[in-house]
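K.L.:
Whatever this is, show me its structure:
(chains A, B and C)
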Amino acid sequence: MTNLSVFISVPLVAAFFIPVVSRKVKWFPDVCGILTTFLLLLLSLQTMNQETVYSMGNWPAPYGIVLVLDGFSCLLLIVINLIGFISTLFSFEYIERFYTSKLRYYSLFLLMLAGMNGVVLTGDLFNLYVFLEIASIASYALVGFGCYSRELEASFKYLVMSTIASSFILLGVALIYGRFASLNIAHIALLIKQYGMNETMVFSFVLLLVGFGVKAAIVPFHAWLPDAHPSAPAPISAMLSGVVIKALGIYVIVRLVYNLFGMTPLISNLLIYSGVISMMIGVLMALGQWDFKRLLACHSISQMGYIVLGFGLGTPLGILGGAFHLFNHSLFKSLLFLNSGSVEYETETRNLEKLGCLSQKMPVTSATSLIASLSISGIPPFNGFWSKLIIIIAAVQAGKPVFALWAVIGSILTLASFSKIQRYAFFGHGRHFDESTHKNIKEVPGLMKMSMIILAILCTITGLLLINGTNGIFSPVVNDLTQGPVPYIEKILGYEFTNISGLFGN
Amino acid sequence: MIYPLCFLLFLIGLYGATCKKNIVKIILGLLIMEYSVNLFLILLGWKKNGIAPIIDQSTSHEVFIAQSVDPLPQALVLTSIVIGLGVLSLMVAISIRLYQRYGTFDITEMNKLKH
Amino acid sequence: MNREKKTGMSLIVQTVTRWLKGFIFMFGIYLAFYGHLTPGGGFSGGVVIATTFVLLTLAFGRERSLSKLGKVLASVLDCSGALLFLLIATLGILFGGAFFVNFLEKWFPSVNFRLFSAGTIPLSNISIAIKVGASLFMVFIILAVRRVVEVGGRRKLISTEFFETSEKRKDK
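P.N.:
Numbering: from 1, shown residues only, chains lettered A, B, ... in the order given. Presented below is the predicted three-dimensional model:
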């Protein structure tokens, strides 16, 4: 049994320890960062198939803050800490090229990690808001880490939109507290089951959906993402696209919809339509981009559409597809961002028109990016194919074949835009390609190579996770979400409390 | 009656944050939004003729439970003020850097991101 | 206020500051120490402590306040306040079985309305006061080092002390 508070306390301790020590010891930030994330990865792998409720300070559930570990939070914990570990491995050599010091980078990185671990573990609405803000503030600072004017501009844009979203979320939480005088998610779910929704609750649900929709970059609220994600350093882009929009956005939306307010056909339709629209708009935006990282960022919007579509269908197969695609997307999108980071590290440019012929000079980067491109476009042996296939089958089974058709079209357009990357950057060359600037290019240093190879291997083999017997990560997710709020309430509040409910009404 | 006024304040802040062109005005709009939500949270715990939620030797527990205002929203507001302070200082720092780069606070002139 | 002189504000302000700074500092410490009994607590105490240094900066200039609380010391205090708070929370796991357990309550049973009564709460308040005081002072001093000057008929913002090397870099 893992003590759940370590996922929050360990990165926080490391984040505050780094600035104290590393004024004297120069190698400390790297080593401490890598060791901490590796420890967190081991701890998160240990939580598989566990279900725990941990009361902070021994205060029981509706009064104190609880940390809840169930299948869905376990999946997110593994994703966060896996990508966090690989990003720190990549940062070891990559971050040397920035002027701003390493200790600030690792400190902010670990703060962001602590915030996200808190968001996926907590069972308390206001505590969720606090962790959300910790992760968000760290990510604003990391987006503007390079301190060039473009990065600052993107950071400010992200900051303004995300702060508006946070205000919406806080207002939604305040409205819920005003109605039920409770902040525990399970307790609120119980009270909603007893007293039903009224206009205030519907309003607060809409506020929360809009707020977390901005954090997840679902289409009407996506404007910040194509600016913010490319501007960050490459490992941070990998974290932002691979993990942050999922942990702060999709995770909370799914948790609220399935475990707090309960799934209704209206919400289901809302999620499905917004998912399909984001899928198409994201991929159409991506087709016209010439900036390597900006193209990848636009694809994040599109792939988030697939995940929202999967979860919005509400059937067990749809949830399985959504969760699996969430896992896969975090792997291959992080890999692609790390590839773009190594290309930028060597060639100092991200413009696809100026790149070319990198497949001979950077074989590892080229090969891994080919694997990731095939995965994201859904080519059979790789993981992206299986998750997209499940989502499409689920859409057909749920009686919505039109959306399955849209998903197929989105996948084909994804393949088109990734063949553009392969054509211009790796195998062919762009219009403004200049042979003389590309003479001294060699493969990136060891740890950067290693992190990309690990992710490429994971991309290749995680398709096997679906085979019966090894799907220990995904079947608890499906079980947790399909059964609706009641098992969640009973798990946190205990059976007796649920039975004598009405004690704390109004 | 007073709750809709809070919401009106929230909308004023939203207008300021979304429609103004000056960075300082945007920051002020965001602050107005945050503080309207804080005001709303404090008002949730309000009680007519309530006393401060502090127990001292002269108040018995019964009187305290019957009369004191709800202390939990006050704790929440304190937390959200601290968070607001962190976001504000980061916003000001970034806007100072932006002024350094562009020599202006007008966001319409900051267009290096567009290709 | 004359920007050329480095001595800060006028004589009246400086004299009043000289008298008041100790009282303000003591009041901040009082707020932090009695936070579990009266209104106040770690955050408000820390803010009041930070205002002492802000007042010193405004009245006498940056050098005076930085000589009392240097940048490195403030940064170390900032981090160690947070570490102390986490240490108190983690000791709860060792002695009480869960994060943030008030473990001192077992050995020092709480008698109401005494100074040493609330277990770990006063300790947490003190560590938060250290953290907030140091970090707010750092935020103020970092944001206050920039000035608008006229360079060739155009207003420019320059930094005087921090990040001076970062200004030399050119944009892409």
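K.L.:
need the residues of chain C near chain A, please.
P.N.:
C:72, C:75-76, C:78-80, C:82-83, C:86, C:89-90, C:92-93, C:96-102, C:165-166, C:169, C:171-172 (C-beta under 8 Å from any C-beta of the partner chain). For the C-beta atoms, the positions are set from N, CA and C on the backbone; glycine is no exception.
K.L.:
quick one: which helix or strand includes residue 79?
P.N.:
All of this is about chain A. Assigned by DSSP states H and E, A:V79 belongs to helix A:71-94.
K.L.:
oops, I was thinking of chain C
P.N.:
Per DSSP H and E: C:C79 is located in helix C:71-96.
K.L.:
near chain B at all, that helix?
P.N.:
No: using C-beta under 8 Å from any C-beta, we find that helix C:71-96 stays clear of chain B, coming within 12.8 Å at best.
K.L.:
and the helix or strand following that helix, is it in reach of chain B?
P.N.:
Tracing the chain C-terminally past helix C:71-96 and defining elements by DSSP H and E, one meets helix C:121-143 next. Yes: for helix C:121-143, a contact with chain B is found by C-beta under 8 Å from any C-beta, at C:139, C:142-143.
K.L.:
what packs against the lengthiest helix in chain B?
P.N.:
Under DSSP state H, the helix in chain B containing the largest number of residues is helix B:71-102. For helix B:71-102, the elements it packs on are helix A:125-143, helix A:149-180, helix B:23-44, helix C:121-143, strand C:154-159, judged by 3 or more C-beta pairs under 8 Å, 6 or more residues apart in numbering or on different chains; DSSP states H and E.
K.L.:
can you redo these as JSON lines with mean pLDDT, mean neighbour count and distance to A:Y63?
P.N.:
Shown next, in JSON lines, are the helices and strands packed on helix B:71-102 (pLDDT from 0 to 100; neighbours: other C-beta atoms under 10 Å in any protein chain shown; distance: least, C-beta to C-beta, whole Å):
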{"stretch": "helix A:125-143", "mean pLDDT": "94", "mean neighbour count": "24", "distance to A:Y63": "13"}
{"stretch": "helix A:149-180", "mean pLDDT": "92", "mean neighbour count": "24", "distance to A:Y63": "14"}
{"stretch": "helix B:23-44", "mean pLDDT": "93", "mean neighbour count": "21", "distance to A:Y63": "18"}
{"stretch": "helix C:121-143", "mean pLDDT": "91", "mean neighbour count": "22", "distance to A:Y63": "17"}
{"stretch": "strand C:154-159", "mean pLDDT": "61", "mean neighbour count": "13", "distance to A:Y63": "49"}
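K.L.:
between those, which gets nearest to B:S58?
P.N.:
Closest approach to B:S58 among the helices and strands packed on helix B:71-102 is made by helix C:121-143 (22.0 Å; C-beta to C-beta).
K.L.:
now the angle between helix C:71-96 and that closest one, please.
P.N.:
Computed by axes from the mean of the first three to the mean of the last three C-alpha atoms, to 10 degrees, the angle separating helix C:121-143 from helix C:71-96 equals 160 degrees.
K.L.:
Tell me which residues touch A:L389, please.
P.N.:
With contacts defined as C-beta atoms under 8 Å, 6 or more residues apart in numbering or on different chains, A:L389 is in contact with A:G378.
K.L.:
give me the element it is part of.
P.N.:
helix A:383-397.
K.L.:
List the buried residues for that helix?
P.N.:
By 16 or more other C-beta atoms under 10 Å in any protein chain shown, the buried positions in helix A:383-397 come out as A:383-392, A:394-396.
K.L.:
Next to chain B, which bits of the stretch 151-300 of chain A? Give me the list.
P.N.:
A:152-157, A:159-160, A:163-164, A:166-167, A:170-171, A:174, A:177-178, A:181, A:183, A:227, A:290-291.
K.L.:
and A:L89, how many neighbours?
P.N.:
23 (other C-beta atoms under 10 Å in any protein chain shown).
K.L.:
Distance check, it against A:S451.
P.N.:
Look at A:L89 and A:S451: by C-beta to C-beta, to the nearest Å, they are 4 Å apart.
K.L.:
Same check on A:E490?
P.N.:
A:E490 is 42 Å from A:S451, where distance means C-beta to C-beta.
K.L.:
Compare these two and say which is more crowded by neighbours.
P.N.:
A:S451 (29 against 16).
K.L.:
Do I have it right that that one meets A:G84?
P.N.:
No: look at A:S451 against A:G84 with C-beta atoms under 8 Å: they stay out of range, at 11.5 Å.
K.L.:
give the contact list for A:N49.
P.N.:
Contacts for A:N49 (C-beta under 8 Å, 6+ apart) come out as A:74, A:472, A:476.
K.L.:
and stretch A:368-384, how far apart are its ends?
P.N.:
With C-alpha to C-alpha, to the nearest Å applied, stretch A:368-384 spans 15 Å between its terminal residues.
K.L.:
Give me the buried positions along that stretch.
P.N.:
Quick answer for stretch A:368-384 (16+ other C-beta under 10 Å): A:368-378, A:382-384.
K.L.:
So A:G341 sits against A:S237, correct?
P.N.:
Yes: counting by C-beta under 8 Å, A:S237 is a contact partner of A:G341 at 7.3 Å.
K.L.:
Please tell me how far A:L39 sits from chain C.
P.N.:
Distance from A:L39 to chain C, counting by C-beta to the nearest C-beta, to the nearest Å: 15 Å.
K.L.:
Pull the contacting residues for that residue.
P.N.:
Applying C-beta under 8 Å, 6+ apart to A:L39 gives the contacts A:V10.
K.L.:
Quick check, pLDDT for residue 72.
P.N.:
Assuming you mean chain A. With respect to pLDDT, A:F72 scores 90.
K.L.:
should've been chain B
P.N.:
Here the pLDDT value assigned to B:L72 is 89.
K.L.:
Name the nearest residue to it, sequence neighbours excluded.
P.N.:
B:G45 (6.9 Å; C-beta to C-beta, 6 or more residues apart in numbering or on different chains).
K.L.:
The one you found - how many residues pack around it?
P.N.:
With other C-beta under 10 Å as criterion, B:G45 counts 21.
K.L.:
Can you check the pLDDT for it?
P.N.:
84.
K.L.:
Touching, it and B:P71? I think so.
P.N.:
Yes: contact criterion C-beta under 8 Å: B:G45 and B:P71 qualify, at 7.1 Å.
K.L.:
chain center to the helix or strand following the helix holding A:L389: distance?
P.N.:
The first helix or strand that comes after helix A:383-397 along the chain, using DSSP H and E, is helix A:401-421. Between the mean C-alpha location of helix A:401-421 and the chain-wide mean there is a distance of 21 Å, by C-alpha atoms, centre = their mean, to the nearest Å.
K.L.:
Repeat that for stretch A:136-156.
P.N.:
On C-alpha atoms, centre = their mean, the centre of stretch A:136-156 falls 19 Å from that of its chain.
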